[in-house]
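Novice: Have a look at this prediction, sequence included:
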Amino acid sequence: MERQVIIMARLKRLVTPKFWRISKKATKWAVSPRPGPHKKMHSIPLQVVLRDILHLVETGKEAQTALKQRQVLVDGRVVKDHAFPLGLMDVLAMPKIKKFYRTIVDKDGLRLLEIEEKEANKKLCRINNKTTIARGKFQLNLHDGRNIIVEKSGEYKTGDSVLIEVPQQKIVEHIPLEKESMILVFEGKSIGELGKVKELVVTKSKEPNKIVFESEGKESETIVDHVMVVGKTKPVISLTS
């Protein structure tokens, strides 16, 4: 049983995503992201973030020590697991050294953007689904696995975003997906592009609904499930350096 746990916690370096920024041939194995709020190939384990991307530590052992000393927070909560998966829009904070980061995407995939401390308690989440629960209340199912209960669901739609305070999960702002709103493409051939919605295309068939958007003077098209709305006229959080 112990051997099985060790194998599950490893991933061959040759198949790790490019955005991990680790050497493919240094050793055979790398830390595998733990099952959690983000898919394995759409996340980065904290050990890799601290050692290989941010270069805040030199070895995996040093990364694990920092985590065990409760020096690292994700979305406002202490995380001690070196394999915890950091994914889209997660906020990484190390208050002891005054370093704060948001996980965003560019054309190569996920990357860490340094942000100011005043933004470290704000997180943008995409509404992937909503469900009716007991006593006439509703549950918003967000892209990072968290769920938020609301009294009324009419104003919230799948594809919209909510800006929340973490770790309290208090909704600060609701951002609907509509014409002229700002979106970030987080998957597909246009990954990393930030643009303005020009048209919402409802297919009324088995084909997925699509979005026509303008980015840097060029119009492109992608499917709705590949975008996150980030603001009504401009992003509500920092997304660029």
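Specialist: Here it is on my side, so go on.

Novice: alpha carbons only for contacts and neighbour counts from here, please
Specialist: Noted.

Novice: check contacts around the spatially most central residue of the chain.
Specialist: Most central in the chain under Cα atoms, centre = their mean is Leu88, positioned 1.2 Å from the mean C-alpha point. Contact analysis of Leu88 by Cα atoms under 8 Å, 6 or more residues apart in numbering lists 42-43, 103-105, 110, 144.

Novice: What are the boundaries of the helices in this structure?
Specialist: Residue ranges of the helices in the chain, as given by DSSP state H, are 2-8, 46-48, 60-68.

Novice: can you pull the buried residues of the last one?
Specialist: Of the residues in helix 60-68, those buried by neighbour count under the rule 16 or more other Cα atoms under 10 Å are 60, 63-64, 66-67.

Novice: tell me what that helix is packed against?
Specialist: Applying 3 or more Cα pairs under 8 Å, 6 or more residues apart in numbering; DSSP states H and E, we find helix 60-68 packed against helix 46-48.

Novice: Show me what the helix it packs on is in contact with.
Specialist: Contacts of helix 46-48 (Cα under 8 Å, 6+ apart): 20, 22, 31, 60, 63-64, 81-86.

Novice: biggest separation within those residues, which pair?
Specialist: Ile22 and Asp81 (19.5 Å; Cα to Cα).

Novice: quick one: pLDDT of Glu193?
Specialist: For Glu193, the pLDDT comes out at 97.

Novice: just checking, it touches Ser215?
Specialist: Yes. With contact defined as Cα atoms under 8 Å, Glu193 reaches Ser215; the gap is 6.8 Å.

Novice: quick revisit: next, check the contacts of helix 46-48 against the strands and list the overlap.
Specialist: Among these, DSSP state E puts 31, 85-86 in strands.

Novice: returning to that earlier point: by pLDDT, give me the weakest of the contacts of helix 46-48.
Specialist: Note: of the contacts of helix 46-48, the lowest pLDDT belongs to Ile22, at 83.

Novice: For that residue, grab the count of nearby residues.
Specialist: 17 (other Cα atoms under 10 Å).

Novice: Quick check, it in contact with Asp52.
Specialist: Yes. Using Cα under 8 Å, Ile22 is in contact with Asp52, at 6.2 Å.

Novice: how close does the closest residue to Glu165 other than its chain neighbours sit to Gly231?
Specialist: With sequence-adjacent residues excluded and distances taken as Cα to Cα, 6 or more residues apart in numbering, Glu165 is closest to Lys122, at 4.8 Å. Distance, Lys122 to Gly231, using Cα to Cα, to the nearest Å: 14 Å.

Novice: No more questions from me, cheers.
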